[in-house]
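In: here is my input, please return the structure:
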Amino acid sequence: MFLTTFVFSQNTISIKGKILEKNTQVPLESATVYLTSVKDSTVIDYTITDKNGSFKMETRKINKPVFLKVSYIGYQSFKQELESMVESKDFGILRLEENANNLNEVIVKSEAPPIRIKKDTLEFNASSFKVRPDSNVETLLKQLPGVEIDSDGKITVNGKEVNQVLVNGKPFFDKDGKIALQSLPSDIINKVQISDTKTKKEELTKQAATSNNASINLTIDEDKNKGLFGKFMGGYGSDKRYESSALLNYFKNKRKVSVLASANNINSTGFSMDEVFDNMGGGRNVAYFYNSDGSYGIGNMRFGGNKGITRSSMVGVNYADEWVKNLDSNGSYFYTNANSSNTNKTSQINFLPTGNFTTSSISRTNEDRYGHNLNTIFERKIDSTGVIEFTSKFQKSNSKYGSSSTQSSVGENEDLLNEASSETFDENDRTNFSNNINFNKAFRRKGRNINIYVSNDNTNEKVNSLNRSTSIFYQNAAPADIRDQKINNRNIRDVYDGEVQFMEPIIDSLQVSVGVYIKRDTSIEERQSFDYDGTTQAYTSFNSELSNFTKSTVKMICPKSGFSIQKKKYSLSMTGGTNIVQFENTSNYLGNEFLLNKEYFFPYAQANFNYELAKSKHIWFNYDYQVNMPRANQLLPVENIANPLNTFVGNPDIDLIKNHSIYLNFNNFDYATRTGYTIYGGGDFYDSQVVSSTVFDANGKRTTTYENVAGTVESWFGGHWNKTFKKETHTYKVNFGIQNNYTKSKGFTNGEPFEADAIQFTPRVGFTYEYGELLTINPTYNVSFNNTTYKNYIIESTSNVLHRFNLQTTTYWPKKWVFGNDFGYTYNSNIADGFKKDFYLWNTSLAYSFYNKKFTAKVKVYDLLDQNQSNSRTITPTTIRDEENIVLKRYVMFSLTYKIEKFAGKEKPSRGGRFMMH
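Out: This is a model prediction of the structure:
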């Protein structure tokens, strides 16, 4: 690498200059300066001017005619032809003239600059960033400067997390963009537009975004917006493993129809179109699928992730069109089903002020899930000043869950406290229906708006359970608890809310607002239990002790007012008001009715501040004062003995949950040097928090109620840095990050208060090397240090260290061949005896494309070393939990992929001449 760097330095030149506005001589910041080939307009290199209008570009020597071009929004482009670029050159001052028709600027497509920095949008020209012909949109995003995708699939742009991905301004199956990024080919993308994520109200009223998230919009190439394209893949392997997926898209201007289908038994959602591993998980395909609990899914469907073995299938359709003028419509439908089976082994240490006890358990589960998801969006432009949007979601799911488990608890002296065994079967039927109507009317005076929205969210859930359990207690001659019951649960929640807000400009940059927010939230929980009756041979004996009815209603009204200031360099908004709440709770238990009604008056406050130090350097601050209601079961003094090992009782004297939420972010990305960094921090600081207060008897049986504590904290802080170097066909990307978490928890155990201070420190480092289109090497490493210290516990502290190393390599040689490897190593330093501390996971794939790359044959091996496992340690203020689940083990898979791409009735030509730039 050092030798290569030395050789590169001998073949590098530097060009520099300064860009000014022609008439005023004002420096133009963030103008795009770039070199293109005269022969075919291929982008060779580019840079961005700084706040002084200066630019400096280090590039390779060029022995052919090139254009030096300068582009800036609202100004006529500059172009100068050069016979060659073989030595460094200072272009001095270059002046741009304002475009006479800048509001309707027309740019020749072939001369679009690689990057444009507009007022609130960062725009990349996709054709300027070279990726392989078979790459998906995710691969294209990885090539864009300032865009980072970490090992968990989280996308950040200049330090801002992306929470929305759209295609031509519309959702593609869902706004989270998982399917679009994984399945759409990069070759159809024209522009990648990145902006701050706005709420619908902010979007319609043209207010500045109050969130610190980013939104990505993918625009389709005009000549690719008419055609048919997609992929079909099927594979079969050892141990009866199989996978199949299909995605077919038909685009015709504003009409877009997409159909997606998959089936597999390898723990995958099935919509990944990864060119190396298809749907195989465990390596680079972890991105976008998995949640913190190891599950993954679409909408309200979860597929189990790395806990157990999942067999799943799905079919979905997405439709977008403009049926009539000024009426945009978008809709999607999914049907999903999945079966998951798992064996779980757990060892949990429970902390007490006077000693500890350990609970060990083994459970075997099997679950079948079915779901229907329907989403629609209609947006109607009434006239040039009025817009109304209607969104609707319908979800219908059914699941059948069976479990058999055993557990036992022992004290510090290995004395047996309790043993339990159980068999359960649950059938769950859930329906959710929600709507949102958002109307905005702009008046003649700029900045004067009225915005109205109303919404409903209705959920109806029925759970029928069969429970057979035996709990034996060995201390104090306590009687055994034996149950054979059928339980019918009904859970209903209806939420209706709405807001009216009027905005009035005082001056061009200052706007005030007044409004009122109303909400009604009703929850009903009903439980009916029936014991098995030997006489009738059926579950007909009503058990009043395990039956109850609870209803809770929150009625809220919040008048509020605020102001916003929007300047060229900064924006500030503040809103405040008073929440007036009526909280009504009712419970019926053992024939006794409990009523608990409370009225509250508490403040509402929110503030956002964003300061632009430079075009790509920002400070963002957010503050929220939040007050939330405790749950009805935390308030009502009703005994819940559904769990034979843990009884719950509410506390009518607990107070509201009050906390201050603060977040601060500083981000900077220098497009000229391809270097960026972000520093952030934030947390929730509680004036009042509801926590559990648990008393253990001699048998380890719990009785839990609730108390208020103050002074608890949940905070996070960290940062990351990245830089890209490019010399000739060699590209190097380096990134480093640190994530820290600090939590102060309080609670009560056996009547004694305790405190726990938990610190998690997680540095990570990554490196990527690309040799043209032939080789990619990507090693990453992170280590997580966890330490928790206690007050008023028998132990003073506990700690754990988790190491993760991953190496991804991909070679594209010989021609038509792709060889990929994902190798990972995980080491858990302090897991309990009986749990393996470390494991390796190595996946490998070999692919060959033929018949003009329409077909691709692959052989893939998952867990080549047969080492995969799922062991984890979780530390909480009151427990240390070690857990093991079954996972997929080694298998080999053979697959065949067929690709169809026809645009405007013609076979899609390959998109050549792209320039790889980071």
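In: what residues does Ile565 make contact with?
Out: Ser509, Leu510, Gln511, Ser571, Leu572, Ser573 (Cβ atoms under 8 Å, 6 or more residues apart in numbering). Quick note: C-beta positions are derived from backbone N, CA and C, even for glycine.
In: make it 7 Å
Out: Ser509, Leu510, Ser571, Leu572 (Cβ atoms under 7 Å, 6 or more residues apart in numbering).
In: ok, and the closest non-adjacent residue to the third one?
Out: Nearest in space to Ser571, with sequence neighbours left out and distances taken as Cβ to Cβ, 6 or more residues apart in numbering, is Ala208 at 4.2 Å.
In: redo the contacts of Ile565 as CSV? Include neighbour count and distance to Asp328.
Out: Listed next are the contacts of Ile565 as CSV, based on neighbours: other Cβ atoms under 10 Å; distance: Cβ to Cβ, whole Å:
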residue, neighbour count, distance to Asp328
Ser509, 14, 31
Leu510, 15, 33
Ser571, 20, 28
Leu572, 18, 33
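In: that older thread, assign the residue nearest to Ser571 to helix, strand or coil.
Out: coil (DSSP: H, G, I helix; E, B strand; the rest coil).
In: repeat that for Glu138.
Out: Glu138 is classified as helix under three-state DSSP.
In: just the pLDDT for it.
Out: If you check Glu138, the pLDDT there is 86.
In: now the closest residue to it other than its chain neighbours: which helix or strand?
Out: Setting aside the residues directly before and after it, Glu138 is nearest to Leu181 in space (Cβ to Cβ, 6+ apart), at 4.3 Å. Element membership of Leu181 [criterion: DSSP states H and E] is helix 178-183.
In: just the buried residues of that helix, please?
Out: Lys178, Ile179, Ala180, Leu181, Gln182, Ser183 (16 or more other Cβ atoms under 10 Å).
In: and stretch 195-205, by the same measure?
Out: For stretch 195-205, a neighbour-count test (16+ other Cβ under 10 Å) marks Ser195, Asp196, Thr197, Lys198, Lys200, Lys201, Glu202, Glu203, Leu204, Thr205 as buried.
In: count the neighbours of the nearest residue to the second one once chain neighbours are set aside for me.
Out: Read that as Asp196. Nearest residue to Asp196, sequence neighbours excluded (Cβ to Cβ, 6+ apart): Ala209, at 3.6 Å. Close neighbours of Ala209, defined as other Cβ atoms under 10 Å, add up to 20.
In: Arg444 now?
Out: Neighbours around Arg444, by other Cβ under 10 Å: 6.
In: ditto for Ser471
Out: Neighbour count of Ser471, defined by other Cβ under 10 Å: 21.
In: okay, and the beta partners of it?
Out: Ser471 has these beta-bridge partners by DSSP bridges: Ala420, Asp481.
In: surely it touches Pro479?
Out: No: using Cβ atoms under 7 Å, Ser471 is not in contact with Pro479, being 9.9 Å away.
In: the residue sitting furthest away from the middle of the chain: which element?
Out: The centre of the chain is farthest from one residue, Thr535, which by Cα atoms, centre = their mean lies 54.3 Å away. Counting by DSSP H and E, no helix or strand carries Thr535.
In: and it, backbone torsions?
Out: Main-chain dihedrals, Thr535, degrees, to the nearest 10: phi -70, psi -50.
In: equivalent analysis for Leu28, please.
Out: Main-chain dihedrals, Leu28, degrees, to the nearest 10: phi -100, psi 110.
In: that one contacts Glu97, doesn't it?
Out: No: contact criterion Cβ under 7 Å: Leu28 and Glu97 do not qualify, at 11.4 Å.
In: and the two? Which one has more around it.
Out: Neighbour tally, Leu28 and Glu97, criterion other Cβ under 10 Å: the higher count belongs to Leu28, 21 against 12.
In: the closest residue to that one other than its chain neighbours and Lys568, how far apart?
Out: Excluding its sequence neighbours, the residue lying closest to Leu28 (Cβ to Cβ, 6+ apart) is Ile19, at 4.7 Å. Distance, Ile19 to Lys568, by Cβ to Cβ, to the nearest Å: 19 Å.
In: of those two, who's got more company?
Out: Neighbour comparison, Ile19 and Lys568: the larger count goes to Ile19, with 26 against 8 (by other Cβ under 10 Å).
In: all helices of the chain, in order?
Out: 2-9, 137-143, 178-183, 200-205, 632-635 (DSSP state H).
In: okay if I get these as CSV plus distance to Asp90?
Out: Formatted as CSV, these follow (distance: least, Cβ to Cβ, whole Å):
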stretch, distance to Asp90
helix 2-9, 20
helix 137-143, 30
helix 178-183, 42
helix 200-205, 45
helix 632-635, 71
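In: out of those, nearest to Thr844?
Out: helix 137-143 (19.5 Å; Cβ to Cβ).
In: now that closest one, how far from the centre of its chain.
Out: Offset of helix 137-143 from its chain centre (Cα atoms, centre = their mean, to the nearest Å): 17 Å.
In: for the closest residue to Ile62 other than its chain neighbours, what are its contacts?
Out: Using Cβ to Cβ, 6+ apart and skipping residues adjacent in sequence, the residue nearest Ile62 is Met85, 4.2 Å away. By Cβ under 7 Å, 6+ apart, the contact list for Met85 reads Ile13, Lys61, Ile62, Val66.
In: again with Tyr72
Out: Contacts of Tyr72 (Cβ under 7 Å, 6+ apart): Leu28, Ala31, Leu96.
In: how about JSON lines for these, with pLDDT and distance to Phe357 added?
Out: Shown next, in JSON lines, are the contacts of Tyr72 (pLDDT from 0 to 100; distance: Cβ to Cβ, whole Å):
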{"residue": "Leu28", "pLDDT": "91", "distance to Phe357": "70"}
{"residue": "Ala31", "pLDDT": "90", "distance to Phe357": "68"}
{"residue": "Leu96", "pLDDT": "93", "distance to Phe357": "75"}
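In: quick check, nearest of those to Asn464?
Out: Of the contacts of Tyr72, the one sitting nearest to Asn464 (Cβ to Cβ) turns out to be Ala31, at 66.5 Å.
In: show me what contacts Lys254?
Out: Applying Cβ under 7 Å, 6+ apart, the residues contacting Lys254 are Asp321, Glu322.
In: what does Phe823 give?
Out: Neighbours of Phe823 in contact, by Cβ under 7 Å, 6+ apart: Asn806, Leu807, Trp842.
In: with distance to Thr553 and pLDDT as extra columns, can I get these in a markdown table?
Out: Below are the contacts of Phe823 laid out as a markdown table (distance: Cβ to Cβ, whole Å; pLDDT from 0 to 100):
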| residue | distance to Thr553 | pLDDT |
| --- | --- | --- |
| Asn806 | 50 | 94 |
| Leu807 | 56 | 95 |
| Trp842 | 56 | 95 |
